[in-house]
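Trainee: below are the sequence and a predicted model for it; my questions follow.
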Protein chains: 2
Amino acid sequence: MSTKQRILDASLQLFNDLGERKVSTNAIASHLDISPGNLYYHFNNKQAIIYQLFLRYEARVLDVLQVPTDRSLTITDKVRYLQAIFAGLWEYRFLHRDMEHLLHDNAELHARYQQFFRHCLARVADILRGLAAAHILRIDEQDIDGLALNTWIVVTSWFSFLRCNLLQHDDDSLSPELLQGGIYQVFMLEQPYLTDAYREHMTQLQRQFMPRPEWLSTTQS
Amino acid sequence: MSTKQRILDASLQLFNDLGERKVSTNAIASHLDISPGNLYYHFNNKQAIIYQLFLRYEARVLDVLQVPTDRSLTITDKVRYLQAIFAGLWEYRFLHRDMEHLLHDNAELHARYQQFFRHCLARVADILRGLAAAHILRIDEQDIDGLALNTWIVVTSWFSFLRCNLLQHDDDSLSPELLQGGIYQVFMLEQPYLTDAYREHMTQLQRQFMPRPEWLSTTQS
DNA sequence: GCATTTTTAGAGTGATTACTCTAAAAAGTC
DNA sequence: GACTTTTTAGAGTAATCACTCTAAAAATGC
């Protein structure tokens, strides 16, 4: 594999494990047993590494968020979307961990990210319209944008939420399993809009993603 | 005013304006025309300043999130809760801007924050139960925790969302007016649970917090 | 007015880190 | 094998920043 790719892979891994801020370019180089000069031969600066990783992430997400044109959506699609999106978020989790800082320091990334956001939001809205067309949801057009936006917020904030509110301080073990609770919360957003025909089925499905009860029960505290 | 208070006030202002990370302790001192030594006489370290500011924030929020015991909740309460919470978020907006980093570097704050979170979540759930008891919402007990959690996520992520997705890169002018859209989104979460008696009234109320349409419409992009 | 405590100034320090510079090694070309 | 280009090494640098240290000034108590 080319040095450039190895730098990107190592950066991604270190960023994900430790957070972008805690990983110096020298650390990336020494992790790969190459010199800082070598790293800077391939990338003009740290931001360029992050930008390339974002492009990977973007491609991955947009690839998932396609709405089929030849058939109507099913509940299976819904689950598949969410699992794939959360898997992508997991793979590039350093991004949303510190998005504000990354964007503040990088105007080019900021512009691209905002375009990406608008694109995603439109796709999510299209998916919701597709679910409505398939009589899975019953929702007014005027509510679709709001629901799509809430979905975006919950999805992109989920890992941050976990790390801040549910993980012990010394415990860095954010695991893919913890994704499940995020999927549950997104189902929760859509649940009230389910048509009677699908309500029973979805409720049962949603239960599979139920967060462990000791987590978040408000009744006993 | 005591030097200690002046340090806290100046820190809050600078943190809010520039982000905690971009504000050095030396910068706080020189902003107040005092020496770094003086600052460190009053606070052992930067984290201690942040911790004290968090305590202020916590007290402010918990003061707002009271459920009246002598009467049932009204729609006016609902609006008042949201406006007061968002005002508090605004006043201490540096906190949620970089919460993960702040907590990672400060175990004591992390523990306190998690306790605060659980407390808030329970209060939000109580408010939802109160709204159900007042026949404003119709919601199953088993859905309350999930709705409360989504409310927490949307509320605490709103400013971050604005800065990442809606503000121009050179534009630091996050304004209190932009809060309104956050309130709209929280209404959006609860809207499907409204009883018929209140649906009309709330929908009209919600419209007042409507984000400007060019913002987030998915229909024209 | 003297003694003690509290508050302040301000120079300095050690650690970190993104990035540079020079030159050597390796790879490719003919 | 001579050359050109690409890739690499690694020492170094300038800036930043949280925090320390010493000693002077100010406030307080009696």
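Mentor: Looks like it arrived, so ask away. Here the structure is a predicted model, which means the values were calculated and not measured. Residues are numbered from 1 along each chain as shown, chains lettered A, B, ... in the order given.

Trainee: could you check which residue of chain A lies nearest chain B?
Mentor: A:Pro192 (3.4 Å; Cβ to the nearest Cβ). For glycine as for every other residue, the C-beta is placed from the backbone atoms N, C-alpha and C.

Trainee: so how far is DNA strand D from that residue?
Mentor: 46 Å (Cβ to the nearest atom of the strand, to the nearest Å).

Trainee: does A:Ala122 touch B:Thr218 like I think?
Mentor: Yes: applying Cβ atoms under 8 Å as the test, A:Ala122 and B:Thr218 come out as touching, 4.4 Å apart.

Trainee: tell me the spatial nearest neighbour of the residue of chain A closest to chain B, not counting adjacent residues.
Mentor: Excluding the flanking residues, the one nearest A:Pro192 by Cβ to Cβ, 6 or more residues apart in numbering or on different chains is B:Pro192, at 3.4 Å.

Trainee: next one: the one you found from B:Gln180, what distance?
Mentor: 21 Å (Cβ to Cβ, to the nearest Å).

Trainee: more crowded one of the two?
Mentor: The neighbour comparison of B:Pro192 against B:Gln180 (other Cβ atoms under 10 Å in any protein chain shown) goes to B:Pro192, with 20 against 17.

Trainee: doesn't A:Leu189 make contact with that one?
Mentor: No: between B:Pro192 and A:Leu189 no contact is recorded; they are 9.5 Å apart, counting by Cβ under 8 Å.

Trainee: how many neighbouring residues does the closest residue to A:His135 other than its chain neighbours have?
Mentor: Closest residue to A:His135 apart from its sequence neighbours, by Cβ to Cβ, 6+ apart: A:Thr195 at 5.7 Å. A:Thr195: 15 surrounding residues under other Cβ under 10 Å.

Trainee: part of a helix, is A:His119?
Mentor: Yes: counting by DSSP: H, G, I helix; E, B strand; the rest coil, A:His119 falls inside a helix.

Trainee: measure the residue nearest in space to the middle of chain A to B:Met1 for me?
Mentor: Taking Cα atoms, centre = their mean, the centroid of chain A lies closest to A:Leu89, which sits 3.1 Å from it. Distance of A:Leu89 to B:Met1, given as Cβ to Cβ: 45 Å.

Trainee: go through the strand or helix carrying A:Ala122 and flag the buried ones.
Mentor: Applying DSSP states H and E as the criterion places A:Ala122 in helix A:107-133. Applying a neighbour-count criterion of 16 or more other Cβ atoms under 10 Å in any protein chain shown, one finds A:109-110, A:112-114, A:116-132 buried in helix A:107-133.

Trainee: got it, and stretch A:19-29?
Mentor: Neighbour count says stretch A:19-29 has A:Gly19, A:Glu20, A:Arg21, A:Val23, A:Thr25, A:Ile28, A:Ala29 buried, by 16+ other Cβ under 10 Å.

Trainee: filter those residues down to just the ones in helices.
Mentor: Mapping these onto helices (DSSP state H) picks out A:Thr25, A:Ile28, A:Ala29.

Trainee: so does the helix or strand encompassing A:Ala87 get close to chain B?
Mentor: If you go by DSSP H and E, A:Ala87 is part of helix A:75-91. No: Helix A:75-91 lies apart from chain B when judged by Cβ under 8 Å from any Cβ of the partner chain; the minimum separation is 14.2 Å.

Trainee: you'd agree A:Trp152 is up against A:Cys120?
Mentor: Yes: using Cβ under 8 Å as the test, A:Trp152 is close enough to A:Cys120 to be in contact (6.7 Å).

Trainee: average pLDDT across stretch A:77-86?
Mentor: Mean per-residue pLDDT for stretch A:77-86: 96.

Trainee: can you check stretch A:204-211 too?
Mentor: 88.

Trainee: residues near whichever residue of chain A sits closest to DNA strand D, how many?
Mentor: Chain A approaches DNA strand D most closely through A:Gly37 (1.9 Å), counting by Cβ to the nearest atom of the strand. By the criterion of other Cβ under 10 Å, A:Gly37 has 8 neighbours.

Trainee: wasn't it part of a strand?
Mentor: No: assigned with three-state DSSP, A:Gly37 falls outside any strand and is helix.

Trainee: ok, it to A:Asn26 distance?
Mentor: For A:Gly37, the distance to A:Asn26 - Cβ to Cβ - is 11 Å.

Trainee: domains of chain A?
Mentor: For chain A, automatic domain parsing gives the domain ranges A:1-43, A:46-212.

Trainee: among those, which is the most enclosed?
Mentor: Looking across the domains of chain A with neighbours counted as mean count of other Cβ atoms under 10 Å in any protein chain shown, the highest average goes to domain A:46-212: a mean of 17.

Trainee: is DNA strand C within reach of that domain?
Mentor: Yes: interface with DNA strand C: domain A:46-212 contributes A:Lys46, A:Gln47 (Cβ under 7 Å from any atom of the strand).

Trainee: hmm, the helix holding A:Ala122 in reach of chain B?
Mentor: Yes: shown here: helix A:107-133 in contact with chain B (Cβ under 8 Å from any Cβ) through A:107, A:110-111, A:113-114, A:117-119, A:121-122, A:124-126.

Trainee: tabulate the residues you listed (a markdown table), appending pLDDT.
Mentor: Formatted as a markdown table, the residues of helix A:107-133 next to chain B follow (pLDDT from 0 to 100):
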| residue | pLDDT |
| --- | --- |
| A:Ala107 | 96 |
| A:His110 | 97 |
| A:Ala111 | 97 |
| A:Tyr113 | 98 |
| A:Gln114 | 97 |
| A:Phe117 | 98 |
| A:Arg118 | 97 |
| A:His119 | 97 |
| A:Leu121 | 98 |
| A:Ala122 | 97 |
| A:Val124 | 98 |
| A:Ala125 | 98 |
| A:Asp126 | 97 |
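
Trainee: DNA strand D contacts on chain A?
Mentor: Residues of chain A lying close to DNA strand D by Cβ under 7 Å from any atom of the strand are A:Thr3, A:Asn26, A:Asp33, A:Ile34, A:Ser35, A:Pro36, A:Gly37, A:Asn38, A:Tyr40, A:Tyr41, A:His42.

Trainee: can you put these in JSON lines and add pLDDT and distance to A:Val79?
Mentor: Below are the residues of chain A next to DNA strand D laid out as JSON lines (pLDDT from 0 to 100; distance: Cβ to Cβ, whole Å):
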{"residue": "A:Thr3", "pLDDT": "96", "distance to A:Val79": "39"}
{"residue": "A:Asn26", "pLDDT": "98", "distance to A:Val79": "43"}
{"residue": "A:Asp33", "pLDDT": "97", "distance to A:Val79": "42"}
{"residue": "A:Ile34", "pLDDT": "97", "distance to A:Val79": "42"}
{"residue": "A:Ser35", "pLDDT": "97", "distance to A:Val79": "47"}
{"residue": "A:Pro36", "pLDDT": "97", "distance to A:Val79": "45"}
{"residue": "A:Gly37", "pLDDT": "97", "distance to A:Val79": "48"}
{"residue": "A:Asn38", "pLDDT": "98", "distance to A:Val79": "44"}
{"residue": "A:Tyr40", "pLDDT": "98", "distance to A:Val79": "44"}
{"residue": "A:Tyr41", "pLDDT": "98", "distance to A:Val79": "45"}
{"residue": "A:His42", "pLDDT": "98", "distance to A:Val79": "40"}
